[in-house]
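Visitor: sequence and predicted structure are below.
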Amino acid sequence: MAVKTFKPTSPAVRQMAVADYSVLTKKAPEKSLLVTAKKHAGRNSYGRITVRHQGGGNKRKIRIIDWKRTRDDVPAVVKAIEYDPNRTAYLALIQYQDGQKSYILAPNGIKVGHKIESGVNADILPGNVIPLSAIPVGTVICCVEMNPGAGAQLVRTAGASAQLMAKEGDYAQVRLPSGEVRMISLKCRAMIGSIGNAEHENVKVGKAGKSRHMGKRPSVRGVVMNPNDHPHGGGEGKSPVGLPGPVTPWGVPTLGKKTRNKKKASNKYIVRSRKG
């Protein structure tokens, strides 16, 4: 799959690049697997903005995705590849032998008609979900669980993949897309293969209006504000930050400031950090 460009009929279209949706086989989503999404525009239950630059955008509905894949040894057939407005990856609509349908993230190379399954006895093929204990070392995986039975939490974005590096005792060492090597229980499950739609990183929005369609409101730099609005503001003409380091509008250090708790309990599972 590749991105699609356009003739330069306007300044926006000149630099715009959109995904080529020719790989999709179904436009309308499965109604039984939809949930209405309520808009909050970045506001909490008190009506106060807690996440800036959110609001507006096109209407979306949430697709119910089966993150756990616990129906072991029950084959399913891929019925369609669909678009999901809530994520960068595409979805695969699968149907089990008893007629039950569910959504999964579409791995790279999967097509309509492919058979997939889950469990210890499943083959090492894209789309199959297998416990880490039964996956050979060196296999490329995605949709990795962090705790047994919790469902896929790691490696879920378009084009992402991890690799099973080693097994030792009750844990496996998995290299994540960030470069971090992390110990994960062998009882946890993972999907074979990498997430599809790898060309998503080449997509260019092209114009501000398209960001508004995605629910993103404009962001204003602090250095162009007044001093009473932002610590970076003020000065004559184009001024530097004027501080030892950049801060948020509320004076908290940001942009490179490490925020991870050094005493976090899960630090002991990190074999090698993403910083090397």
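Guide: Structure's in. What do you need? Residues are numbered from 1 along each chain as shown.
Visitor: when you work out contacts or count neighbours from here on, use the C-alpha atoms and nothing else.
Guide: Noted.
Visitor: measure the residue sitting nearest the centre point of the chain to E199 for me?
Guide: Nearest to the geometric centre of the chain sits T157, at 3.2 Å (Cα atoms, centre = their mean). Distance, T157 to E199, by Cα to Cα, to the nearest Å: 12 Å.
Visitor: the residue nearest to the centre of the chain against I195, yeah?
Guide: Yes - with contact defined as Cα atoms under 8 Å, T157 counts as touching I195 (6.8 Å).
Visitor: at which residues are the helices of the stretch 1-150 of the chain located?
Guide: Taking DSSP state H, counting those that start in this stretch as the criterion, the stretch 1-150 of the chain carries its helices at 11-15.
Visitor: low-scoring pLDDT stretches of it, where are they?
Guide: For the stretch 1-150 of the chain, residues meeting the criterion pLDDT under 70 lie at 1.
Visitor: show me the contacts for the nearest residue to G245 once chain neighbours are set aside.
Guide: Once flanking residues are discounted, G245 sits nearest to P253: 6.9 Å by Cα to Cα, 6 or more residues apart in numbering. The neighbours of P253, taking Cα atoms under 8 Å, 6 or more residues apart in numbering as the test, are 245-247.
Visitor: and Q173, by the same measure?
Guide: If a contact means Cα under 8 Å, 6+ apart, then Q173 has 164-167, 181-184, 271 as its contacts.
Visitor: only the buried subset of those, as a ChimeraX command please.
Guide: Buried subset of the contacts of Q173, written as a ChimeraX selection, criterion 16 or more other Cα atoms under 10 Å:
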select :164,165,167,181,182,183,184
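Visitor: okay, and which of the contacts of Q173 map to helices?
Guide: Among those, none falls in helices (DSSP state H).
Visitor: state the number of residues packed around N202.
Guide: Neighbour count of N202, defined by other Cα atoms under 10 Å: 13.
Visitor: actually Y46, not the one I typed
Guide: 6.
Visitor: how close does it get to K216?
Guide: Distance from Y46 to K216, by Cα to Cα: 21 Å.
Visitor: same deal with A80?
Guide: Computed with Cα to Cα, the distance linking A80 and K216 is 30 Å.
Visitor: sec struct for G209, please.
Guide: Look at G209: counting by DSSP: H, G, I helix; E, B strand; the rest coil, its state is helix.
Visitor: you'd agree Q153 is up against L176?
Guide: No - using Cα under 8 Å, Q153 makes no contact with L176, being 11.9 Å away.
Visitor: tell me which of those two has more neighbours.
Guide: Remark: of Q153 and L176, L176 carries more neighbours, 20 against 15, as counted by other Cα under 10 Å.
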